[in-house]
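Asks: Sequence and predicted structure are below.
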There are 2 protein chains.
Amino acid sequence: MPITGTTRVFLILGDPVEQVRAPEVFNHVFRRHGIDAVLVPAQVAAADLPGFVRHVFKARNIDGLWLAIPHKAPMVDLLDECDRAGRIAGAVNAVRRGPDGRIEGALFDGAGFVKALDHLGIAARGRNALVVGVGGGGVAVAAALAERGVRRLDLFDTAPGRAAAVAQRLRVEFGTDARARDDADPVGFDLVVNASPRGLKPDDPPPVDAARLHAGAAVVDIVMKNQPTALLRACHARGITAFPGFEMLVQQVPEYLSFFGYDNIARAITADASELRALIEAA
Amino acid sequence: MPITGTTRVFLILGDPVEQVRAPEVFNHVFRRHGIDAVLVPAQVAAADLPGFVRHVFKARNIDGLWLAIPHKAPMVDLLDECDRAGRIAGAVNAVRRGPDGRIEGALFDGAGFVKALDHLGIAARGRNALVVGVGGGGVAVAAALAERGVRRLDLFDTAPGRAAAVAQRLRVEFGTDARARDDADPVGFDLVVNASPRGLKPDDPPPVDAARLHAGAAVVDIVMKNQPTALLRACHARGITAFPGFEMLVQQVPEYLSFFGYDNIARAITADASELRALIEAA
């Protein structure tokens, strides 16, 4: 499916942008499903974001933007509308031009996370959950767990006050029993998520002491690099159920597609994501 | 060659934009020559052009813009620098971000035209040329013929005063014996170019009376639709050398590539344009 004058265009904004993998994944999906659309990178500096977004949406065939670092949080202030997940986490993954020209944003990290739990057969409802790291991705994960009805939700973050602020927001928003903790001790939890950057560097100490995990706990480490991470290796050594964040990426893809109006493809991918998994693994 | 985070991006701006053929042609060329670049359409209204151009160039990997109708002339006023052909014709085909962030424009219609003459074996130097229609494309053609050293250059246009103004500009710029005419009578000319819209509609009368052409004259009809045009058919019936504007399109391609820094590909295509011709014919 060649790019022609009728092709709908999407941009992924980042600075830098060289590292983004979304064009490979989504252009494959578009091609595979006969969609006349393309996703291309745009390296936009933080200071240029407001003007760029306002003017690029003037192009009637540019239908949406993907946001990469450092634009996910600053984009929220430029929106006319934001979905609940984006509002709670203060960040969005994507924006689109609404029918009336309004700029609408949404965050898929949390939806991708809980759908990944479904896929992996990990129940959230009624569990005692610990989320380590509540910067960007961690807030989204914690909010999605709150929405899914975990019984208790403890949050730990090395940044002073951050976990308390997020816990307060989740109590108000979802009525969840959410609390800040002063440590990442996993004793007493049966669902533990690492959403901190611990593990990005190969010699990072594990974010959670796997030796203190309950044998029946489930662990997700959403650090994408250095697979399997030290935490995953330590869990596997003890026979504890533990997964990387990979499936969260997979499950976000249909969220983007639905948001941009490609519901049929979103459904097809949700029904059978095996090809998508292979694609993301290769990208 | 998939689109990735490292891909350089070009946009073609038009309103409407559905009809543009450049993405098919240039993306094929990029792919064929292993260039990590892509050309995508952007439907931008005339009123939005200044803001769009200023802001889209903030993206460091967006290296240039192609201009389609109605932006070729208005773009000139937004440039920091313009090449001579663009300045004379008051229109540009493409703009790029210069090393210092300046926006530079260039017009390739004229260069494409005279290179097409070379390819077709039609000499321009020393000839008596008549150009019918000196709107956009016609000015570029006339200026290129003046630069190539035609002996005499007559211009006809149905718009009052337009031919006289262009002739005056060409006399000043090139010292050419350029004059406005009140009719399109081809008697006395050995190179006749139709750059008027006559022939775009199937029932248009021919722009030039082929019966009055010198038997040794060469004719180019740059109307792209309804091939062969009535003028070309009438010439061929009399055994007069006559060509469509097709080769002018072909010869513009390496001009764009050079302008955007892909000199090696421009040279390769200039050396052998057979594949490119087949591609443009199919597009």
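Replies: Received, thanks.
Asks: Please identify which helix or strand holds the residue lying closest to residue A:98 once chain neighbours are set aside.
Replies: Among residues not flanking residue A:98 along the chain, residue A:104 sits closest, at 4.8 Å (CB to CB, 6 or more residues apart in numbering or on different chains). Glycine gets a C-beta too; all of them are placed from N, C-alpha and C. For residue A:104, the element it lies in under DSSP states H and E is strand A:103-106.
Asks: buried sites along that strand?
Replies: By neighbour count on 16 or more other CB atoms under 10 Å in any protein chain shown, the buried set for strand A:103-106 is A:103-106.
Asks: can you check stretch A:77-95 too?
Replies: A:78-79, A:82-83, A:85-95.
Asks: Ends of it, what's the gap?
Replies: Using CA to CA, to the nearest Å, one end of stretch A:77-95 lies 12 Å from the other.
Asks: Just list what the helix or strand bottoming out on mean pLDDT in chain A packs against, helices and strands only.
Replies: Every helix and strand in chain A was compared by mean pLDDT, DSSP states H and E; the lowest is helix A:274-282, with a mean of 90. Contact partners of helix A:274-282 among helices and strands, from 3 or more CB pairs under 8 Å, 6 or more residues apart in numbering or on different chains; DSSP states H and E: helix A:22-32, helix A:246-259.
Asks: ok, residue A:40 - contacts?
Replies: The neighbours of residue A:40, taking CB atoms under 8 Å, 6 or more residues apart in numbering or on different chains as the test, are A:9-12, A:23, B:3, B:7, B:9, B:38, B:40.
Asks: Could you say which helix or strand holds it?
Replies: Taking DSSP H and E as the criterion, residue A:40 maps to strand A:37-43.
Asks: right, and the helix or strand after that strand?
Replies: Once strand A:37-43 ends, the next helix or strand along the chain (criterion: DSSP H and E) is helix A:49-56.
Asks: Can you pull up the residues of chain A that come close to chain B?
Replies: Applying CB under 8 Å from any CB of the partner chain, we find that chain A lies next to chain B at A:2-7, A:9, A:12-14, A:16-21, A:23-24, A:27-28, A:38-45, A:48, A:51-52, A:54-56, A:58-62.
Asks: Got a PyMOL select line for the buried ones in these?
Replies: Buried subset of those, written as a PyMOL selection, criterion 16+ other CB under 10 Å:
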select buried, chain A and resi 3+4+5+7+9+12+13+14+17+20+21+23+24+27+28+38+39+40+41+42+43+44+48+52+55+56+58+59+60+61+62
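Asks: ok, back up a step: and for the strand holding residue A:104, what's in contact with it?
Replies: The contact list for strand A:103-106 (CB under 8 Å, 6+ apart) reads A:53, A:57, A:75-76, A:78-83, A:85-86, A:92-98, A:255, A:259.
Asks: Wait, residue A:64 touches residue A:10, no?
Replies: Yes - under the criterion of CB atoms under 8 Å, residue A:64 makes contact with residue A:10 at 5.0 Å.
Asks: For these two, list the residues in contact with both.
Replies: Common neighbours of residue A:64 and residue A:10 (criterion: CB under 8 Å, 6+ apart): residue A:260.
Asks: Tell me which residues touch the spatially closest residue to residue A:155 that is not a sequence neighbour, please.
Replies: The shortest distance from residue A:155 to any residue other than its chain neighbours is 4.1 Å, reached at residue A:163 (CB to CB, 6+ apart). Residues in contact with residue A:163 (CB under 8 Å, 6+ apart) are A:134, A:155-157, A:180-181.
Asks: so which strand or helix has residue A:163?
Replies: Assigning secondary structure by DSSP H and E places residue A:163 in helix A:162-174.
Asks: What residues sit buried inside that helix?
Replies: A:162-164, A:166-167, A:169-170, A:174.
Asks: Can you give me the domain assignment for chain A?
Replies: As assigned by automatic domain parsing, chain A contains the domains A:8-107+A:250-282, A:110-244.
Asks: could you dump these to a markdown table with distance to residue B:189?
Replies: Compiled in a markdown table, the domains of chain A are given as follows (distance: least, CB to CB, whole Å):
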| stretch | distance to residue B:189 |
| --- | --- |
| domain A:8-107+A:250-282 | 44 |
| domain A:110-244 | 69 |
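Asks: Mind pulling up the pLDDT for the residue nearest to residue A:155?
Replies: Looking at residue A:163, its pLDDT is 98.
Asks: ok, residue A:126 - how many residues close by?
Replies: If you count neighbours by other CB atoms under 10 Å in any protein chain shown, residue A:126 ends up with 11.
Asks: Quick check: it touching residue A:151?
Replies: Yes - assessed by CB under 8 Å, residue A:126 is found in contact with residue A:151 at 5.1 Å.
Asks: that older thread, out of the buried residues of stretch A:77-95, who's nearest chain B?
Replies: Distance to chain B across the buried residues of stretch A:77-95 (CB to the nearest CB) is lowest for residue A:78, with 13.1 Å.
Asks: Let me see the contact set for that closest one.
Replies: Residue A:78 sits next to A:49-50, A:53-54, A:103 when contact means CB under 8 Å, 6+ apart.
Asks: One more pass at 10 Å, please.
Replies: Taking CB atoms under 10 Å, 6 or more residues apart in numbering or on different chains, we find residue A:78 in contact with A:49-50, A:52-54, A:71, A:92, A:95, A:103, A:105.
Asks: now, which of the residues you listed sits nearest chain B?
Replies: The closest of these, once distances to chain B are taken by CB to the nearest CB, is residue A:52, at 5.1 Å.
Asks: Poorly predicted segments of chain A, please.
Replies: Chain A contains no residues with pLDDT under 70.
Asks: where do the strands sit along it?
Replies: For chain A, strands defined by DSSP state E occupy the ranges A:8-14, A:37-43, A:62-67, A:81-82, A:94-97, A:103-106, A:128-132, A:152-156, A:177-180, A:191-194, A:218-221, A:241-244.
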